[in-house]
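# One predicted model, sequence on top.
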Amino acid sequence: MIAIEQITELRHQLAHLRQERSNEGRIPTVGFVPTMGYLHEGHASLIQAAKEQCDIVVLSIFVNPIQFGPNEDLDKYPRDAERDLALAKRLGVDLVFLPTVDSMYPTPTKTKVKVDEVTTLLCGARRPGHFDGVTTVVSKLFNIVQPDYAFFGMKDAQQVAVIQQMVSDLNFPVTIVPCPIIREEDGLALSSRNVYLTEQQRQEALVLSQSLCRIDAWMQSKEISTVSQLRDRIIQHIETSPLADIDYVEILSFPQLTELGINASLQAHKGQAIIALAVRFGTTRLIDNRIL
């Protein structure tokens, strides 16, 4: 495994690996896993998926400042490069790209990549400019790495939808591979931000996954058939946690992320729907979702 900070060096090493691993004229495929580091088993599952599907695996670790708002946790976002590199090496990553902020943004950014519509609800409505920062940095990383496949976790399903829209609209020659949410044994979705939770907050945060797991039973009871009824029931369950401060509970079409209407029948909806949650426990904001 090679760890690289400079863009030119990454391109050089990738070209060397492509040539080295070419077989009878077949160009090896490159799988890319972009992360902000502080890796956990969720990231490990993305790396493993890339290993299974691709000949070369590139992992990036970069805490992207332009996707954080002025009152968000950029400065205290958890970082542990040594631990991350050890995990990446154990999982068989070929190249780890650890750019500095100065190498990614040597001058103030005058160009932004902006995706409309799918960014206007959920986290996009509550974190102005967040997805502009995400799409801008991901487009830069795609141009630097030039992967054939890129792997993203479905825990941030809106991010997956936004990146898929960007790739489609701008004709990036990369296939986006959404990967399932990885959870703790008790159901809590893995997140780098889970380390911020106190013991009590960690226990009460289980209401998120519990509410998503109970959806089938609630809908089969025939007491719940519309979007508004299901949303209200989820909110009622989350509010059984005294520490839960609900940011949003939304039920939308997926991946379009359009509203279904409060009286819309879930059974009659043709296509996928997403139930997306964002809830604060103290200063820690957790997200979770389920695709129906």
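Okay, I see it. Numbering: from 1, shown residues only.

# Which stretches in this structure count as helices?
When assigned using DSSP state H, the helices of the chain occupy the ranges 7-20, 41-53, 81-91, 101-104, 123-126, 130-145, 157-170, 199-204, 206-213, 215-220, 227-238.

# what comes into contact with the fourth one?
Spelled out, it's helix 101-104. Counting by Cβ atoms under 8 Å, 6 or more residues apart in numbering, the neighbours of helix 101-104 from elsewhere in the structure are Glu5, Gln6, Ile7, Phe62, Asn64, Pro65, Val137, Lys140. Where C-beta positions appear, they are placed from N, C-alpha and C, glycine not excepted.

# closest to Ile287 among these?
Distance from Ile287 was checked for each of the contacts of helix 101-104 by Cβ to Cβ. The minimum falls on Asn64, at 17.3 Å.

# Disregarding flanking residues, what is the spatial nearest neighbour of that closest one?
Nearest non-adjacent residue to Asn64, counting by Cβ to Cβ, 6 or more residues apart in numbering: Val137, 4.4 Å away.

# Is it correct that that neighbour is in contact with Phe62?
Yes. The pair formed by Val137 and Phe62 meets the contact definition of Cβ atoms under 8 Å, at 7.2 Å.

# of the two, who's got more company?
Summary of the neighbour comparison: Val137 and Phe62, criterion other Cβ atoms under 10 Å, with Val137 having more neighbours (23 against 19).

# quick one, phi psi at Asp73?
In terms of degrees, to the nearest 10, the main-chain angles of Asp73 are phi -100, psi 40.

# other SSEs contacting the worst-scoring helix or strand of the chain on mean pLDDT?
Least confident helix or strand, the chain: helix 215-220 with a mean of 90, by mean pLDDT, DSSP states H and E. In terms of contacts (3 or more Cβ pairs under 8 Å, 6 or more residues apart in numbering; DSSP states H and E), helix 215-220 is packed against helix 227-238.

# Contacts for the helix it packs on next, please.
When contacts are defined by Cβ under 8 Å, 6+ apart, helix 227-238 is touched by residues 207-208, 210-212, 214-215, 218-219, 223-224, 244, 246, 249-251, 260-264, 266, 275, 277, 279.

# Those, buried ones only, as a ChimeraX selection?
To isolate the buried members of those in ChimeraX, using 16 or more other Cβ atoms under 10 Å:
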select :207,208,210,211,212,215,218,219,224,244,249,250,251,260,264,266,275,277,279
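
# coming back round to it: could you save the contacts of helix 101-104 as TSV and add columns showing pLDDT and distance to Thr175?
Formatted as TSV, those follow (pLDDT from 0 to 100; distance: Cβ to Cβ, whole Å):
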residue	pLDDT	distance to Thr175
Glu5	96	27
Gln6	96	27
Ile7	97	23
Phe62	98	22
Asn64	96	22
Pro65	95	28
Val137	98	19
Lys140	98	19
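
# Is it possible to mark the buried ones in the residues you listed?
Ile7, Phe62, Asn64, Val137, Lys140.

# Most widely separated two among the residues you listed?
Among the buried ones among the contacts of helix 101-104, the pair separated by the greatest distance (Cβ to Cβ) is Ile7 and Asn64, at 15.0 Å.

# on that earlier part again, which ones are touching the residue nearest to Asn64?
Applying Cβ under 8 Å, 6+ apart to Val137 gives the contacts Phe62, Asn64, Ile66, Gln67, Met104.
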